[in-house]
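1. make a model of this:
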Amino acid sequence: MGNRDTRVRGIAARAGGWSARHRWAAVGIWVLFVVLAMGLGSAAGRVDVQDSDQLKGETSTAAHIVEDAGIEEPASETVLVQAKDAGTKATDAAFREAVAAVMKAVDATGEVTDVTSPYDTQTISGDGRSALVQFDVRGDSDTAGERIEPVLKAVEEVQKDHSGLRIEEIGGASMNKTFDDAFGDDFQQAELSAVPVALGILLIAFGAVVAALLPVALAITAIMATMGLMGIISHVIPMSDTANSVMLLVGLAVGVDYCLFYLRREREERAAGRDARTALRIAAATSGRAIIVSGVTVCVAMAGMLFTGLAEFEAMGLASLMVVAVAMVGSVTVLPALLSLLGERVEKGRIPFLRKAMERRAARTGGESRFWSAVLRGVLAKPLVSVLVAAGVLLAIAAPAVGMKTQNLTIDQEFGDSLPIVQTYDRVNEAFPGGTEPAEVIVKAKDINAPEVKSALAAFKERAISSGASRGPVEIKLHDAQNLAYVYVPLVGGSDLDKAGASLDKLRDEVRPATLGKVDGVEAPITGQVAGSKDFNDQLAGAVVPVFAFVVIFAFALMLLSFRSLTVAITSIVLNLLSVGAAYGILVAVFQHGWGASLVGAEGVGAIITWLPLFLFVILFGLSMDYHVFVVSRIREARLRGLATKDAIRHGVVTTAGVVTSAAVIMVAVFAIFGTLSMQSMKQMGVGLAAAVLIDATIIRGVLLPAVMSLLGERNWYLPKWLHRLPDLTHDESPEAVSGPPQQPPAVEGEPVRV
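-> Numbers count the residues shown, from 1 in each chain. Below you'll find the predicted structure:
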């Protein structure tokens, strides 16, 4: 049963209509909103996630104990003194002289404290060829990297005087400085280069400077406003630098996409002979609605991160959700106002050769993509074969994901062996397994010097070695005033997190209960890099099912309400899961198995960074809906005008191919920039996102979606009678609703389609 009036309904149409009629007011409100958000955010400042809030479990308990005690643990550094030949030993006079020279040189800088000799702490390797001089950096540990330069130079000078030995420094401060010097600008440059890359692609897509600038301007203002909002919200839910970077990526992607969808539709309607006002109303009623449906779906997907219980994920999810919501609101409000203000001036700054080429192509093809028209002819001629081939290819690509191994990457995995300090890290771990990242036992007691506590600490130290969890030396540092003790336990397994994890389990499950666990009132949570990685994995594993269920169920419900079709809702979920699965398969094949890894500089990683699979699922599931909603809305719109389902499919896919391709190329290019970074975790994120978007915009939307819809025919629009009472959100999908009387749509199984 079709509507009998031509009054346009729906939030998108009403918002676009109001903005077009009150152009300066809409633009002024948007500018005021952006300025206010930035100003209030700047005034409020940003509260970042604290270490104690990062994880639950023992890692969090340990961090809270240290925080409550008010202990500021200094940055620790180590100098490896190692014989280059098997004949030289740490007991030799020349070796002892070098150790003394190191201790004197670093102490003379005035930047360090508590310099310890390996002969006192027994930090000499089993083969007698290596020794560790250890010390702390004065001042705040967070800024130690800024003060470590004189110490590094002092160690280098000692190395020059002892060519027969290898003398190298490593520690948190020296690693931070080295990585900042080598890669510090890496990430920032990638973020900055994303904008000109997107602008360049838009120039090619539109052939006019003003039209290309609009999507970028909308995305940038949405990002600026969200940065301000993050500062305000951070006082309730803390934010982070990672959340800021993810927000920028997502904001640029969806901001440009939404504007691109809207602008392309308005241009298309004007090219079809409609006046500017009518073209804008049609764009608001059709693309505007698709943007709202897509935006809400993306927001729901991003909200899935809030269910992980991980502070970093919660920050990323909330920041991404906010920027999508802001970009969505801007697209259906200020964008129509700007288009109404600009009118024909949106074509200003035309690039002559591009415009002529576009006009010739439009004249030949009627605005449809010749490539996708050819593909669609084959797909619609043999839809079953197309489904089997496309689905088979995607399942084959996804197959490696079955054996996915996730872990927090070690330094050598993250950065390779290109930097000398990474090689030092490997040498220290080889000579002193676990020495660079020992387990830390934070022991809290009513009286840390009580005889039973001291006895338990001694027993723990002895049993940690006898159990095989550590080869020593186990170091105990007392904080009498706070009644705390730090116990540092180098884990057998070193940088091999699987073996080190087994050693950690021995400490937690066997050694601790038999020693410290027998003393009443003693807390002894075990933390450190290996413990943090394990706790993170455990918590993330527990969050996978709730997050997946939340995102899938709510996305299904939104699609059901938006299209009032059970079939469309089910197929959208299945296709998106195929897209995510294929992205997982590519990640595992490249970064875990090393197939083609050299092409992206990822040799020898052997694992996927722990946080990436869930992050990718949420991001990709949300972003995939952009294309799906846009294409399916156009197919349904064509059918409402009276086209048969197969013709509607062909029309919907080929007329949206240009904008989907442009949007996908921008996303792939922006994400691929992050695939060029030196950090392997960033490479994995960039490659995974770029591959998934490429697959989604080609195999999924160009082949599998039309083939599946062609096979289903009129069943695409099926809604069981018992679901007829669901809210009707299917308004404003046909241009006739805004430009003239609607045609009566054909009858459909289950329920008539409403305009």
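
2. for the stretch 501-650 of the chain, which segments count as strands?
-> Assigned by DSSP state E, counting those that start in this stretch, the strands in the stretch 501-650 of the chain fall at 526-527, 608-609.

3. could you give the number of residues near Ile553?
-> 12 (other C-beta atoms under 10 Å). (Glycine included, C-beta is placed from N, CA and C.)

4. tell me the confidence at it?
-> What the model reports as pLDDT for Ile553 is 92.

5. not counting sequence-adjacent ones, nearest residue to Phe617?
-> With sequence-adjacent residues excluded and distances taken as C-beta to C-beta, 6 or more residues apart in numbering, Phe617 is closest to Val580, at 5.5 Å.

6. repeat that for Pro420.
-> Per C-beta to C-beta, 6+ apart, closest to Pro420 is Glu168, 7.2 Å.

7. dihedrals phi and psi, that neighbour?
-> Per-residue torsions, Glu168: phi -140, psi 140 (degrees, to the nearest 10).

8. pull the residues that contact stretch 409-418.
-> Contacting residues not belonging to stretch 409-418 are listed as 175, 179, 183, 422-423, 425-426, 495, 497, 601, 603-607, 609, 678-681 [C-beta atoms under 8 Å, 6 or more residues apart in numbering].

9. and what of stretch 690-702?
-> 372, 375-376, 379, 390, 393-394, 397, 575, 578-580, 582-583, 586-587, 616, 620, 623-624, 627-628, 631, 653, 657, 660-661, 663-664, 667-668, 671-672, 675.

10. wait, the residue nearest to Pro420 sits on Val79?
-> Yes - assessed by C-beta atoms under 8 Å, Glu168 is found in contact with Val79 at 7.0 Å.

11. which of the two has more neighbours?
-> A side-by-side neighbour count of Glu168 and Val79, using other C-beta under 10 Å, places Val79 first with 29 against 22.

12. measure that one to Lys104 for me?
-> From Val79 across to Lys104, the span is 12 Å (C-beta to C-beta, to the nearest Å).

13. try Gln684
-> 44 Å.

14. okay, those two: which has more neighbours?
-> Gln684 (25 against 12).

15. ok, that one - contacts?
-> Shown in contact with Gln684 (C-beta under 8 Å, 6+ apart): 587, 591, 602, 605, 608-609, 612.

16. kindly report the same for Val246.
-> 316, 319-320.

17. and those residues, which of them are in helices?
-> Using DSSP state H, 316, 319-320 are the members of those that sit in helices.

18. pull out the buried positions in the helix or strand harbouring Asp181.
-> Applying DSSP states H and E as the criterion places Asp181 in helix 172-183. For helix 172-183, burial by neighbour count (16 or more other C-beta atoms under 10 Å) applies to 172-179.

19. dump the contacts of Val246 to a markdown table, plus distance to Ala531.
-> Below are the contacts of Val246 laid out as a markdown table (distance: C-beta to C-beta, whole Å):
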| residue | distance to Ala531 |
| --- | --- |
| Met316 | 23 |
| Ala319 | 28 |
| Ser320 | 29 |
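
20. quick revisit: whichever of the contacts of stretch 409-418 end up buried, select them in ChimeraX.
-> To isolate the buried ones among the contacts of stretch 409-418 in ChimeraX, judged by 16+ other C-beta under 10 Å, type:
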select :175,179,422,425,426,495,497,605,607,609,678,679,680,681
